[in-house]
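Undergrad: fold the stuff below for me.
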Amino acid sequence: QLQLVESGGGLVQPGGSLRLSCVASGASVDLNFIAWFRQAPGKEREGVACISATDNSTYYSNSVKGRFTISRDHAKNTVWLQMDSLKPEDTARYSCAQNPLSRCGSQWYLRNFAAWGPGIQVTVSS
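TA: Below you'll find the predicted structure:
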C-alpha cells in the first residue's frame, strides 16, 4: 500500500527558504503525478504545485509562482518543494498527494487524489 511522508517543515523567518520532501514507499509513483497542497487554519485547502510523471511538466498556483519550485527524482520515489522568499501568508500545513494519472493538466487541484501524506507544518514568522 502506498504511503507518502513529508519532511523538512519548520519555523522560518520571512524571506527565508525551506525544502519540503515527499517520500513514497510501498509502491512506485513513477507513473503518477504528484502535487503539494496547503491549508491554513480557517482557510480552504489550496493546490500549490504539481509535477507530471511523463515529462516532469510543472504547474503552480499564482500565489507561489516564481517563489516555489517542485521537482522529483523517479529513482528515489521522491518529490521536493523548494520554497524561497517565504512570506507569513505561506504559513500552513503542507501535504503531498498522489494521483493515478500521469499528467497534471488544467485544474489538477480539482482531481481526486488516491493517497495523501499526513502533512507537515510550515510557519513563517519573525
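Undergrad: sec struct for S71, please.
TA: For S71, the assignment made with DSSP: H, G, I helix; E, B strand; the rest coil gives strand.
Undergrad: pairing partners for it in the sheet, please.
TA: Bridge pairing for S71 (DSSP bridges) gives the partners W80.
Undergrad: any idea which residue is closest to the centre of this protein?
TA: W36 (2.2 Å; CA atoms, centre = their mean).
Undergrad: contacts only, for that one.
TA: Applying CB atoms under 8 Å, 6 or more residues apart in numbering to W36 gives the contacts 20, 22, 47-50, 70, 79, 81, 94-97. The way it works is simple: take the backbone N, C-alpha and C, and place the C-beta from them, glycine included.
Undergrad: buried set for whichever strand or helix holds it?
TA: Using DSSP states H and E, W36 sits in strand 33-39. By neighbour count with 16 or more other CB atoms under 10 Å, strand 33-39 contains the buried residues F33, I34, A35, W36, F37, R38.
Undergrad: dump stretch 19-32 to PDB, restricted to CA.
TA: Taking C-alpha atoms only, stretch 19-32 is exported to PDB below (Å, rounded to 0.1, in the frame of the first residue of the first chain):
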ATOM      1  CA  ARG A  19      12.700  22.500   1.200                       C
ATOM      2  CA  LEU A  20      10.000  20.000   1.700                       C
ATOM      3  CA  SER A  21      10.400  16.400   0.800                       C
ATOM      4  CA  CYS A  22       7.700  13.800   0.000                       C
ATOM      5  CA  VAL A  23       8.900  10.300   0.000                       C
ATOM      6  CA  ALA A  24       6.700   7.500  -1.300                       C
ATOM      7  CA  SER A  25       7.000   3.900   0.000                       C
ATOM      8  CA  GLY A  26       5.100   0.700  -0.500                       C
ATOM      9  CA  ALA A  27       4.600   1.400  -4.200                       C
ATOM     10  CA  SER A  28       6.100   3.300  -7.000                       C
ATOM     11  CA  VAL A  29       4.800   6.700  -8.000                       C
ATOM     12  CA  ASP A  30       6.900   6.700 -11.100                       C
ATOM     13  CA  LEU A  31       3.900   6.900 -13.400                       C
ATOM     14  CA  ASN A  32       1.800   9.200 -11.300                       C
END
